[in-house]
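In: I'd like to go over a predicted model; first the sequence, then the structure.
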Amino acid sequence: MTDRTPSSTLPLQDTRRQVLAQGALALAALPLLGTPAAAVAATPSTKAVLDHHLGAFAKGLDEIMKDYTAASVILTHDKQYRGTTEIRGFFDGFLKSVKPGFWEAFKISAQAVDGDVAYLVWEAKPFVNQATDTFVIRKGRIAVQTFTAG
């Protein structure tokens, strides 16, 4: 079969193929490149959000809630708290249950941050022997938090 495409269009077709191939390659490489610098500068880091969250307890419930959105969720061993209303209730109950001396006994024994995930191990003996929290941070807010204490 004879190619009936005029020879003058072949280089254009080859160029289009190259552009499409390069574009596909660039799109495939995006996850390897990480977050653009502008996005990093505009969004607080995971560590910054974690630091704010830990400091917010001294300032009260409204400050704690600045770390959450309507789409946030906290997972515990027996319940899920979805959205700011339920999460506010969770922290309100927690803050009201804190005994004198708890904050003086509060100590972080391990902390790790990797990308958008933060992990804490803490204690407040004799009130809490050991507890862990895991946080997934998205767009400068806590999207998901897990919590357990014993």
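Out: Yep, it's here.

In: And stretch 58-66, what's buried?
Out: For stretch 58-66, the neighbour count (16 or more other Cβ atoms under 10 Å) marks 64-65 as buried. For the C-beta atoms, the positions are set from N, CA and C on the backbone; glycine is no exception.

In: Could you work out the end-to-end span of it for me?
Out: Terminal residues of stretch 58-66 are spaced 14 Å apart (Cα to Cα, to the nearest Å).

In: what does stretch 110-124 give?
Out: OK, stretch 110-124 end separation, Cα to Cα: 13 Å.

In: packing partners for the longest strand seen in the chain?
Out: The longest strand of the chain (DSSP state E) is strand 128-138. In terms of contacts (3 or more Cβ pairs under 8 Å, 6 or more residues apart in numbering; DSSP states H and E), strand 128-138 is packed against helix 46-56, strand 117-124, strand 141-149.

In: Export these as JSON lines, with columns for mean pLDDT.
Out: Shown next, in JSON lines, are these (pLDDT from 0 to 100):
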{"stretch": "helix 46-56", "mean pLDDT": "95"}
{"stretch": "strand 117-124", "mean pLDDT": "96"}
{"stretch": "strand 141-149", "mean pLDDT": "97"}
